[in-house]
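When you get a sec, could you give me coordinates for this:
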Amino acid sequence: MKLQKDFEEVNFLTSNVVKAKTLKRMGIEVSNFDKEIPEIKSIDVKEVAIHKANDTGLNNILVEDTSFELVGTDFYETQIKQLFKFLEFDESLAGQKVVWKVALAWKIDEQIFVSQANLEGELYYPAVSKGYNFERILRVKHNNEYFMFPELPEDVLEKIHPRVLAAQQLIEA
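Take a look at the predicted model:
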C-alpha cells in the first residue's frame, strides 16, 4: 500500500475553520463536514479520534480530536469545548501546567492509522485577543522565553503546533 500517495489525496473532515487553515497550509485537502460526529466519553484522545474516524462511514479521511490536560487536576481533558467556558476567566488557575494533545486518525479502507503530538505549557491570564479557544490562555516556552501561543511567529507555530506535528508523523510513517 502506498500510504504517502494516499495521504496526498486524504480529506480532513472538520467544521472548524481554524483547524482547516492549519492543515491547508500543509497541503492537506479539507472537506467541510457539517454533520456532528458523536464523541465517545474517554480521556484518551487517540481513542476518541479512532471512533470518530469509524463513525464517519467514509474512506481516506482524516479526523482529529483535541484534549487539554490540566496537570494535577481532575478535569476531563477531552471535554475542552465545555471546559473552556470556565477556564477563560478563572484566573485562579494561572500558572497551572497543561498539556495540549492532538490525535489524528486516518482511515483508509479498513485500516486506521493514528498519531498524537503534545505541547506543554501553562495557563496565563488575561486571555489575549488573538487565537482560538484555549490557545488564548496558553503560554509556552520557546528558546528559553515565554510566549502566548497565538502570538508566536508563523514559522515557529509550524514547528511546535501539535496538529502540524501529528500530521507530519502520519506522513513520515
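
Nearest to the spatial middle of the chain, which residue is it?
Closest to where the C-alpha atoms of the chain average out (C-alpha atoms, centre = their mean) is residue 102, at 3.6 Å.

Quick check: next helix or strand after the least confident helix or strand in the chain by mean pLDDT?
Across the helices and strands of the chain, the lowest-confidence element by mean pLDDT, DSSP states H and E is helix 3-8, at a mean of 55. As assigned by DSSP states H and E, the chain's next helix or strand after helix 3-8 is strand 11-14.

chain center to that next one: distance?
Strand 11-14 has its average C-alpha position 13 Å from the chain's average C-alpha position, going by C-alpha atoms, centre = their mean, to the nearest Å.

as a whole number, average confidence for that strand?
Along strand 11-14, the predicted confidence averages to a pLDDT of 80.

Stretch 141-158 too?
Here the mean pLDDT over stretch 141-158 is 93, rounded to a whole number.

go on, stretch 88-107?
Within the predicted structure, the mean pLDDT of stretch 88-107 is 92.

Quick one: neighbours of residue 27, just the number.
When counting by other C-beta atoms under 10 Å, one arrives at 9 neighbours for residue 27. All C-beta atoms are positioned from the backbone trio N, CA, C, and that covers glycine.

secondary structure class for it?
The three-state label for residue 27, taken from DSSP: H, G, I helix; E, B strand; the rest coil, comes out as coil.

Roughly how far does it sit from residue 151?
Look at residue 27 and residue 151: by C-beta to C-beta, to the nearest Å, they are 25 Å apart.

now do residue 103
Between residue 103 and residue 151 the distance is 25 Å, computed by C-beta to C-beta.

what about these two, which has more around it?
Ranked by neighbour count (other C-beta under 10 Å), residue 103 and residue 151 place residue 103 first, with 26 against 14.

wait, doesn't that one sit right on residue 53?
No. Counting by C-beta atoms under 8 Å, no contact exists between residue 103 and residue 53, whose distance comes to 10.1 Å.

what sits up against stretch 46-60?
When contacts are defined by C-beta atoms under 8 Å, 6 or more residues apart in numbering, stretch 46-60 is touched by residues 6, 9-11, 13, 33, 37-40, 42, 61-65, 67, 78, 103-109, 112, 114, 116.

again with stretch 126-146
Surrounding stretch 126-146, the residues in contact under the criterion C-beta under 8 Å, 6+ apart are 18, 68, 80-81, 84, 87-88, 91, 98, 100, 119-125, 147-152, 156, 160.

what about stretch 126-141, start to end distance?
Distance across stretch 126-141, first residue to last, is 17 Å (C-alpha to C-alpha, to the nearest Å).
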